[in-house]
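In: predicted structure and sequence below. I'll ask about it afterward.
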Amino acid sequence: MKKMKREKLEAAGWAVGSVKEFLGLSEADTVLIEMKLALSRSLRDRRKKYGLSQVQLAERLHSSQSRVAKMEAGDPSVSMDLLVSSLLLLGASSADLADAIRGREKKTGPRAA
């Protein structure tokens, strides 16, 4: 959040903090959630790079469009295993997964799926 916006909110009486503080999350919980969201974003980005719809990806995964939507949204019902295996199916390497988790995903073209 930009400093000026934060100052305006605080001046108006709002308490400004992080999700970690608000929910009382441990450092480990916070990191795990951030990793899951990074993998979810990576799945969505990789699907779009390939020009696939959620329905088409669901067919490749032998799943449903609604499940793919949940995966891309980081829904709590989606396991990290499912996210990782789906990314691997789309041609991601272990280095790609590490880059996604670190937030340094490469902006190069897709690999052959």
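Out: Yep, that arrived.
In: measure E59 to E34 for me?
Out: From E59 over to E34 the distance is 30 Å, taken as Cβ to Cβ, to the nearest Å. C-beta here means a position set from N, CA and C on the backbone, and glycine is covered the same way.
In: er, G91 actually
Out: As for G91, its distance to E34 is 24 Å (criterion: Cβ to Cβ).
In: next: G17.
Out: For G17, the distance to E34 - Cβ to Cβ - is 16 Å.
In: of the two, which one has the most company?
Out: Ranked by neighbour count (other Cβ atoms under 10 Å), G17 and E34 place E34 first, with 15 against 8.
In: so the more buried one is in which element?
Out: helix 27-49 (DSSP states H and E).
In: give me the number of residues near V19?
Out: Residues near V19, counting by other Cβ under 10 Å, number 10.
In: same check, this time on K20
Out: Counted with other Cβ under 10 Å, residues neighbouring K20 total 15.
In: name the element it belongs to?
Out: Using DSSP H and E, K20 sits in helix 19-23.
In: which other helices and strands does that helix contact?
Out: helix 27-49 (3 or more Cβ pairs under 8 Å, 6 or more residues apart in numbering; DSSP states H and E).
In: which is the next helix or strand following the helix it packs on?
Out: Immediately after helix 27-49, counting by DSSP H and E, sits helix 54-61.
In: what sits up against that following helix?
Out: Here helix 54-61 makes contact (Cβ atoms under 8 Å, 6 or more residues apart in numbering) with 47, 52, 64-65, 67-69, 72, 86, 89-90.
In: one more: stretch 70-82?
Out: The set of residues external to stretch 70-82 that reach it, using Cβ under 8 Å, 6+ apart, is 33, 35-37, 39-41, 43-44, 47, 54, 67, 83, 86.
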